[in-house]
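1. okay, predicted coordinates and the sequence, questions at the end:
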Amino acid sequence: KLTMLRTATWRKTMAWRVRGLAGARMFSTQKPLFSKILVANRGEIACRVMKTARRMGIETVAVYSDADAQSKHVSMADEAVYVGSSPSSESYLVIDRIVEAAKKTGAQAVHPGYGFLSENKDFYLALKEADIEFIGPRDHAILAMGLKIESKEIARAANVHTIPGFLGEVKSNEEVVKISNEIGYPVMIKASAGGGGKGMRVAYNDEEAVEGFARSRDEAKSSFGNDTIFIEKFIENPRHIEIQVLLDKHGNAVYLNERECSIQRRNQKVVEEAPSTFVDPELRKRMGEQAIEMARAVDYISAGTVEFLVDKNKDFYFLEMNTRLQVEHPITEYISGVDLVEQMIRVAAGEEITVKQEDIGVNGWAIESRVYAEDPLRGFLPSIGRLQRYQEPESTQFDLAKEVRTDSGVREGSEISMYYDPMICKLVTHGQDRAEAIKRMRDALDSYVIRGVTHNVNFLRAIMDHEKFLSGDTTTKFIEEEWPEGFQGIAMQQTDYDALLASSVLAHVRDVQRQMTLSGKFDSFDGERFVRERVARLIVSIHNEEYMVSVTIADDDSTIILNVDGRDQPLTVTSDYKPGHDIMKTVIKGDEQHILQVLETSPYTTTFQYKGTSIPVTVRTPREDELMQIMPEQEVIDTSRFVVSPMPGAVFALKVKPGDKVAMGQQVAIIEAMKMQNSLRAERSGVIKAVRVAEGDTVATDEILIEFETQD
């Protein structure tokens, strides 16, 4: 039996992680493991499952659609089977095709990952009929926990704390308004099936309840094929804390402690961490024991997650149970040293857990950031396109002995498609304590090279620097309260401006030095004198702020000294950066370390990615600046009379027609992208001149949808 020491030394902990579950003998072998499994998923989770299977000596089978024919998970697998066209409803959700692929390849078991068919009882039954093992819970547990109304009734019967609400199905606008008023606003209007933040709306009044009911029902039907809706009291300002459980077929059960998932946007988790800053040992024990009771109530086997809302008094309420592997499972793997995918495979194969609850400890701290192809500066609208340049932070893909981990399903050249979730990667860091894990996450985000699509690294980076996050004082309202008008970009401090100022000058100096070594170059008097005399006068512009700088190249050539007009103390910057490199690591003032990315260079401007944000910095000599002042300005085109699509997607609904009079703020269209519905509203009052699209049309970003009459 494995004995996990709660206060093991760091070296012993690392050695234990490298051995993995099999070496640690968490299970006693009852029968041979599978020789081949099919992974009924795509992207990062398919790759994640395959990594563990490969380490265990198990062959893997991938399934793929048209859009994924050249994808990373297909190339990782030992075999791959085509299952249909790009829409998931015609490929990854078609049970018969997945089962046939498993039979055709001789797979003895299927791992569903998360999403798609992972919580579909019919899929389980189809595999059972084909004598193929489902790596997950049994059908009755999937059904009971997959329908939120039934799951809450089971929780109440098992004496698990639940949220007050109406657990029947709501079928009309009139019922929505009546029940919401009986419960008392605010209420959560929620799809009974599925998860992942889809089919959920918070309403504070009757109007929001009616609109939320319609949107939740449409999203639920589109995502889960089930539009059953119920309503419960919305607990304001709670923490979202979940417990990872593991149960085998022999009646053994353990919980692997908690994950804090409070940082959410539209009920979609953004940043998770383990353990929680809010949970003490006594609360952890109470929540863990109730999570096990919840699992036992449905005769659960495999890895699962019981989610709770926790209020400021540390009272907690059952939210739902996810009968699958969670997106955020890596942070639990880090603090426990346990490979959850391996656990699922071994439980499915009939092995018995031998570890005891008292052996489960908490080793260090882990944080996960979900890196998405989306634009935080445009309301987090999804972005599609090809990854023209892609370089993950210095890390290893699933090795618990390393402190930075990237779970991704893409590589350079991969296409981010409109058909699937826009996640690029789950970026995970680990440290001996929370501060170390945060520091590693900052550096990893700063080093993450993503070109070709817009991404949310700037937003994730802002969270890592936020005072409330650093103090651990976060609730599910964190994003809404801290960015009430939407994310506007990072809040620049003087140290940030100094880092950009020094780094831009260093980049300029390195470029001038390189140019002076080229044969056949265009002669530059300023450049030659600068290289010869090692001093120059420059004007640097950042966000419309100008700095007059005297620059000196130090004798060691790796350090640049900047004397900024109006300042008493010089800035020094040291770096081994060379032109053409993506990453610039600098040391400012001898001890401030910064990581920047060089996105684009032009004769006078270098565009940096700094803390995830694209920032152009202009560096000119006084003469160049003088000439730029007389350059003509570009004409600005007025686009205010058009409504354009803010994202790629499909036109779900049009709410206006030519000749209609609309008021500012009135809903004019609904665009569906990544299975989420996005309402478009008029930014001006006026008369509709033309509607250029029809319902069901596929549209691109910035495509014109609606045109207003020209105003006098």
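-> Ah, there it is.

2. tell me what the helix or strand harbouring Val549 is packed against?
-> Element membership for Val549 (DSSP states H and E) is strand 545-553. Under the contact definition 3 or more C-beta pairs under 8 Å, 6 or more residues apart in numbering; DSSP states H and E, strand 545-553 sits against helix 494-515, strand 535-542, strand 559-564. No exception for glycine: its C-beta is placed from N, CA and C like everyone else's.

3. rebuild these as JSON lines, extending it with mean neighbour count.
-> JSON lines is the format used below for those (neighbours: other C-beta atoms under 10 Å):
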{"stretch": "helix 494-515", "mean neighbour count": "20"}
{"stretch": "strand 535-542", "mean neighbour count": "18"}
{"stretch": "strand 559-564", "mean neighbour count": "18"}
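
4. is it possible to get a markdown table of these that adds distance to Thr475 and mean pLDDT?
-> Output for those, formatted as a markdown table (distance: least, C-beta to C-beta, whole Å; pLDDT from 0 to 100):
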| stretch | distance to Thr475 | mean pLDDT |
| --- | --- | --- |
| helix 494-515 | 28 | 91 |
| strand 535-542 | 35 | 91 |
| strand 559-564 | 42 | 92 |
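
5. so can I have a markdown table of those showing distance to Tyr604?
-> A markdown table is the format used below for the helices and strands packed on strand 545-553 (distance: least, C-beta to C-beta, whole Å):
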| stretch | distance to Tyr604 |
| --- | --- |
| helix 494-515 | 9 |
| strand 535-542 | 9 |
| strand 559-564 | 18 |
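
6. rewinding a little: which residues touch the strand holding Val549?
-> 497, 501, 505, 509, 534-541, 559-565 (C-beta atoms under 8 Å, 6 or more residues apart in numbering).

7. what of stretch 263-275?
-> Outside stretch 263-275, the residues that reach it (C-beta under 8 Å, 6+ apart) are 196-197, 200, 240, 257-261, 284, 327-328, 331-332, 334-335, 362, 365-370, 380, 434, 437, 459-460, 463, 469, 474, 476, 478-479, 676.

8. now, the residues you listed that are in strands?
-> Using DSSP state E, the subset of the contacts of stretch 263-275 located in strands is 200, 240, 257-261, 365-370, 676.

9. what sits against the residue nearest to Asp68 when sequence neighbours are not counted?
-> Leaving aside its chain neighbours, Asp68 sits nearest to Arg42 (5.5 Å; criterion: C-beta to C-beta, 6 or more residues apart in numbering). For Arg42, the contact set (C-beta under 8 Å, 6+ apart) comprises 63-65, 68, 71, 73, 92, 116, 409, 420.

10. what about those, which are in strands?
-> 63-65.

11. neighbour-wise, which one of those residues leads?
-> Most neighbours among those, by other C-beta atoms under 10 Å: Val63, with 30 neighbours.

12. tell me which element the residue nearest to that residue when sequence neighbours are not counted is part of?
-> Nearest-residue entry for Val63: Val83, 4.6 Å, with adjacent residues in sequence omitted and distances by C-beta to C-beta, 6+ apart. Remark: Val83 resides in strand 79-84, with elements defined by DSSP H and E.

13. got a list of contacts for that strand?
-> 59-66, 69, 74, 90-92, 94, 97-98, 101, 104-105.

14. give the pairing partners of that strand; include direction for each.
-> strand 59-65 (parallel) (DSSP bridges).

15. could you dump the partner strand to PDB, C-alpha only?
-> Provided in PDB are the C-alpha atoms of strand 59-65 (Å, rounded to 0.1, in the frame of the first residue of the first chain):
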ATOM      1  CA  GLU A  59      -2.300   1.600 -27.800                       C
ATOM      2  CA  THR A  60      -4.700   4.400 -28.700                       C
ATOM      3  CA  VAL A  61      -7.300   5.100 -31.400                       C
ATOM      4  CA  ALA A  62      -8.300   8.600 -32.400                       C
ATOM      5  CA  VAL A  63     -11.500   9.700 -34.100                       C
ATOM      6  CA  TYR A  64     -11.700  12.800 -36.300                       C
ATOM      7  CA  SER A  65     -13.900  15.000 -38.400                       C
END
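
16. what sits up against that strand?
-> Contacts for strand 59-65 (C-beta under 8 Å, 6+ apart): 35-42, 46, 49-50, 53-54, 71, 73-74, 76-88, 90-92, 97-98, 101-102, 105, 107, 419.

17. at 6 Å instead, please
-> 36, 38-39, 50, 53, 73-74, 77-81, 83-84, 86, 91, 101, 105, 107 (C-beta atoms under 6 Å, 6 or more residues apart in numbering).

18. pLDDT value on the residue nearest to Val691 when sequence neighbours are not counted, please?
-> Distances taken as C-beta to C-beta, 6+ apart put Ile706 closest to Val691, at 5.5 Å, once the chain neighbours are dropped. Ile706 carries a pLDDT score of 94 in this model.

19. for Ile706, which residues are in contact?
-> Counted by C-beta under 6 Å, 6+ apart, Ile706 has contacts 643, 668, 691.

20. what segments of the stretch 551-700 of the chain are strands?
-> Using DSSP state E, counting those that start in this stretch, the strands assigned to the stretch 551-700 of the chain run over residues 559-564, 571-574, 583-588, 592-601, 605-610, 613-620, 642-644, 649-654, 661-662, 667-673, 676-681, 686-691, 698-699.

21. thanks a lot, see you next time.
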